[in-house]
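J.: Here you go, sequence then predicted model.
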Amino acid sequence: MERKIPKLYETEEVPLEKKVIHRVYAIPSIGFYWLIAELDEKENIAFGFANLNNDIFAEWGYIPIDEIVDNGGQLVQDWKPCEYPEARKLIEEQIAEGDSDG
């Protein structure tokens with residue numbers, strides 16, 4: 001049922017601001033989130049935007065999904081794919097509201 005996430009480098013020609021965020025991991029209690037745009041399912045490595053509660057050092061890059069999960073990142077279950085600017089706004093609003101879901 002889940003929409004297919006593009007493979008690594010598959011959206012290389014798409015500007016960062018236009019990339020679709022297909023999956024999100026977050027640690028709302030400390031303001032960390034990872035917006036996933038591409039995924040190598042075999043190696044479980046993602047390309048996306050990471051913000052570890054610091055806009056100055058937030059950046060696009062590659063990260064193993066296992067590393068996110070091992071550090072407490074939880075998959076946002078009800079995420080609907082959208083372009084990066086909307087995704088960032090939505091997740092930052094959720095974090096600002098606090099972890100009311102659990």
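T.: Happy to help now that I have it. The structure presented is a predicted model; accordingly, all values stated were derived computationally and were not measured.
J.: residues making contact with stretch 15-30?
T.: Outside of stretch 15-30, the residues that reach it under the criterion CB atoms under 8 Å, 6 or more residues apart in numbering are 3, 5-6, 11, 32-37, 39, 46, 48-49, 53, 60, 65, 68-69, 71-76, 79, 81-85, 87, 91, 94-95, 98-99. Every C-beta, even on glycine, is put in place using the N, C-alpha and C of the backbone.
J.: Repeat that for stretch 73-89.
T.: 3, 16-27, 32, 34-35, 37, 49, 51, 90-91, 94.
J.: try 6 Å
T.: Residues from elsewhere that reach stretch 73-89, judged by CB atoms under 6 Å, 6 or more residues apart in numbering: 17-22, 24-27, 35.
J.: Weed out the non-buried ones from those.
T.: The neighbour-count test (16 or more other CB atoms under 10 Å) applied to those identifies 19-22, 24-27, 35 as buried.
J.: Just the ones of those residues in strands?
T.: Helix and strand membership here follows DSSP state E; of the buried ones among the contacts of stretch 73-89, those in strands are 20-21, 24-27, 35.
J.: Pull the most distant pair out of those residues.
T.: When CB to CB is used, the two most widely separated members of those are Val20 and Ile27, lying 22.6 Å apart.
J.: Off-centre distance for stretch 43-58?
T.: In terms of CA atoms, centre = their mean, to the nearest Å, the centre of stretch 43-58 is set 7 Å apart from its chain centre.
J.: Name the surrounding residues that touch that stretch.
T.: Contacting residues not belonging to stretch 43-58 are listed as 8, 30-39, 60, 62-66 [CB under 6 Å, 6+ apart].
J.: The nearest residue to Asn53 once chain neighbours are set aside - how many residues pack around it?
T.: Leaving aside its sequence neighbours, Asn53 sits nearest to Gly31 (CB to CB, 6 or more residues apart in numbering; 3.5 Å). A count of neighbours around Gly31, defined by other CB atoms under 10 Å, yields 15.
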